[in-house]
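A.B. asks: Need a 3D model of the sequence below.
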Amino acid sequence: MLDYTLHKDIPVPLYYQLKLQLLADIQEGRLHVGDMIPPECEISKVLHVSRPTVRQALTELVAEGHLVRFKGKGTFVSEPLRPPVDARFFQNLKSFNEEMLQKGLVPSTRVLALERVSGRGEIAKALMLREEAHLIRLSRLRFADGEPLVVVETFLPYARFRRLMEEDFATNSLYDLLEQRYGLRVDHARRQFEAAAVVPEDAVLLDMDAGRPICRVRTLAFAKGEPVEYSIARYRGDRNVFTVELYR
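C.D. replies: As a prediction, the model looks like this:
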């Protein structure tokens, strides 16, 4: 049983005291990967605190990746988290491959779909096309050092870029192909960032638990003043951090 003391006469919430003591045991090696944490009812009884207090401490440690819950089995110390990938694409316009290579990571791609679609009226309008226009839909799962980081769904005007349907996007960069095949260099982009819960299909691809947070980023990319690409990227919320530098 956990040998902890919680102080009710100090202005620190009891759940937070419990959380810090558990975290210290994990970080200092007194609790090891795979060790089972006692049930909430047992901790509550021994420490003389309510079960909601215990639950909040454990829930926060699960959310932060220090513990993992298995339904019907219990709560266990999890593998240490790898540091998140720091993406600076709100400051610089680079391909995924370029950014990962600059960070010393090995990028790779799995193509999930490459097809002609229609009926995407809002996306077509963003690309300054008729609502019924045909689009190229390219869906990719992107990895860094073999770890899945993001699912990217990209749309381009089919009539203008139909030759891209013949390309291998597992090895080729979209932006490089636009420059090489069409003489178009993507020179600026508009990005919109929002938080969302991962959908079941993406959870499987990204190796996440259902309902965990993702960072959803919509990008409209321009070349020579014209929109050429619209993409929706779903980044793992636990493996990506986005940095923006501001100057005055």
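
A.B. asks: Which parts of this protein belong to which domain?
C.D. replies: 14-77, 85-242 (automatic domain parsing).

A.B. asks: Which residues are in contact with residue 41?
C.D. replies: Listed by CB atoms under 8 Å, 6 or more residues apart in numbering, the contact partners of residue 41 are residue 51. Every residue, glycine included, has its C-beta placed from N, CA and C.

A.B. asks: Which pLDDT value does the model give it?
C.D. replies: Note for residue 41: predicted pLDDT of 92.

A.B. asks: ok, so what distance separates it from residue 233?
C.D. replies: 43 Å (CB to CB, to the nearest Å).

A.B. asks: And residue 156, by the same measure?
C.D. replies: Taking CB to CB, one finds residue 156 at 15 Å from residue 233.

A.B. asks: nearest to residue 6, of the domains of the chain?
C.D. replies: When these are compared by CB to CB, domain 14-77 sits nearest residue 6, at 5.0 Å.

A.B. asks: can you give me the end-to-end distance of that closest one?
C.D. replies: 21 Å (CA to CA, to the nearest Å).

A.B. asks: any idea which helix or strand of this protein has the worst average confidence?
C.D. replies: strand 85-87 (a mean of 52; mean pLDDT, DSSP states H and E).

A.B. asks: which secondary structure elements does the next helix or strand after that strand contact?
C.D. replies: Counting by DSSP states H and E, the next helix or strand C-terminal to strand 85-87 is helix 96-102. Counting by 3 or more CB pairs under 8 Å, 6 or more residues apart in numbering; DSSP states H and E, the packing neighbours recorded for helix 96-102 are strand 107-117.

A.B. asks: Give me the helices and strands touching the following helix or strand past the strand it packs on, please.
C.D. replies: Next in sequence after strand 107-117, counting helices and strands by DSSP H and E, comes helix 121-126. Applying 3+ CB pairs under 8 Å, 6+ apart, one finds that helix 121-126 contacts strand 226-236.

A.B. asks: strands paired with the strand it packs on, and their directions?
C.D. replies: strand 147-157 (antiparallel), strand 213-223 (antiparallel) (DSSP bridges).

A.B. asks: just checking, residue 133 touches residue 160?
C.D. replies: No. Residue 133 is not in contact with residue 160 according to CB atoms under 8 Å; the separation is 10.0 Å.

A.B. asks: So which of the two has more stuff around it?
C.D. replies: residue 133 (18 against 15; other CB atoms under 10 Å).

A.B. asks: Can you give me the neighbour number for the residue lying closest to the more buried one once chain neighbours are set aside?
C.D. replies: Leaving out its chain neighbours, the residue that sits closest to residue 133 by CB to CB, 6 or more residues apart in numbering is residue 124, at 4.7 Å. Using other CB under 10 Å, residue 124 has 20 other residues around it.

A.B. asks: Residue 124 and residue 178, how far apart?
C.D. replies: Taking CB to CB, one finds residue 124 at 19 Å from residue 178.

A.B. asks: now residue 66
C.D. replies: Taken as CB to CB, the span from residue 66 to residue 178 is 43 Å.

A.B. asks: Residue 2 too?
C.D. replies: From residue 2 to residue 178 the distance is 57 Å (CB to CB).

A.B. asks: The two: which has the busier surroundings?
C.D. replies: Per other CB under 10 Å, whichever of residue 2 and residue 178 has more neighbours is residue 178, with 20 against 15.

A.B. asks: residue contacts, that one?
C.D. replies: 161, 184-186, 223, 228-229.

A.B. asks: what do you get for residue 133?
C.D. replies: 118, 124, 127, 157-159.

A.B. asks: One more pass at 10 Å, please.
C.D. replies: Listed by CB atoms under 10 Å, 6 or more residues apart in numbering, the contact set of residue 133 reads 118-121, 123-125, 127, 157-159.

A.B. asks: Repeat that for residue 50.
C.D. replies: 14-15, 40, 44, 56.

A.B. asks: any idea how far it lies from residue 3?
C.D. replies: Residue 50 is 20 Å from residue 3, by CB to CB.
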